[in-house]
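Novice: Model the structure of this input:
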Amino acid sequence: MGSLMELVENSQLREDIPEFRPGSSVRVNYRIIEGEKERIQAFEGVVIRKHLGDRNNKASFTVRKVTQGHGVERIFPLHSPRIESIKVLKVGVVRRAKLYYLRQRRGKAARIAEKITYRPKS
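Specialist: Take a look at the predicted model:
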């Protein structure tokens, strides 16, 4: 029975998810149903947590943004069919796996330094 369940779960895994980690700024385009209409809403913020579950379709990630002075966090299932796309805007330099300390920070103190990658000249 377990192998049948794994087969069904593995068939629902997404392959188009980019590499990102806590500290990355991402834009998640998410399908929202309002009544009988469906639209795509962008949620842009910093990934403060990535939960891998059993490394299958139970994985999720939390994105935090500040809107009009209030912090808003949203948890997205990583392999959800409602996610239209995930775009990594920048990769941050952090030394922790969970960035819950950003909840107490305001303004400039809540910024995360961007990781700069250099390409060698060829």
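Novice: three-state assignment of residue 44?
Specialist: strand (DSSP: H, G, I helix; E, B strand; the rest coil).
Novice: was I right about it contacting residue 29?
Specialist: No: taking Cβ atoms under 8 Å as the definition, residue 44 is not a contact partner of residue 29, at 9.7 Å. Just so you know, the C-beta spots here come from the backbone N, C-alpha and C atoms, and that holds for glycine as well.
Novice: What ranges in the protein fall below the confidence cut-off?
Specialist: Applying pLDDT under 70 to the chain flags the ranges 1-2, 54-55, 122.
Novice: Could I get the full set of strands for it?
Specialist: Secondary structure of the chain (DSSP state E): strands at 25-34, 37-51, 60-67, 70-77, 83-90.
Novice: Give the buried residues for the fourth one.
Specialist: If I follow you right, that is strand 70-77. If you call a residue buried by 16 or more other Cβ atoms under 10 Å, then strand 70-77 has these buried ones: residue 76.
Novice: Packing partners of it?
Specialist: If you count contacts as 3 or more Cβ pairs under 8 Å, 6 or more residues apart in numbering; DSSP states H and E, strand 70-77 packs onto strand 37-51, strand 60-67.
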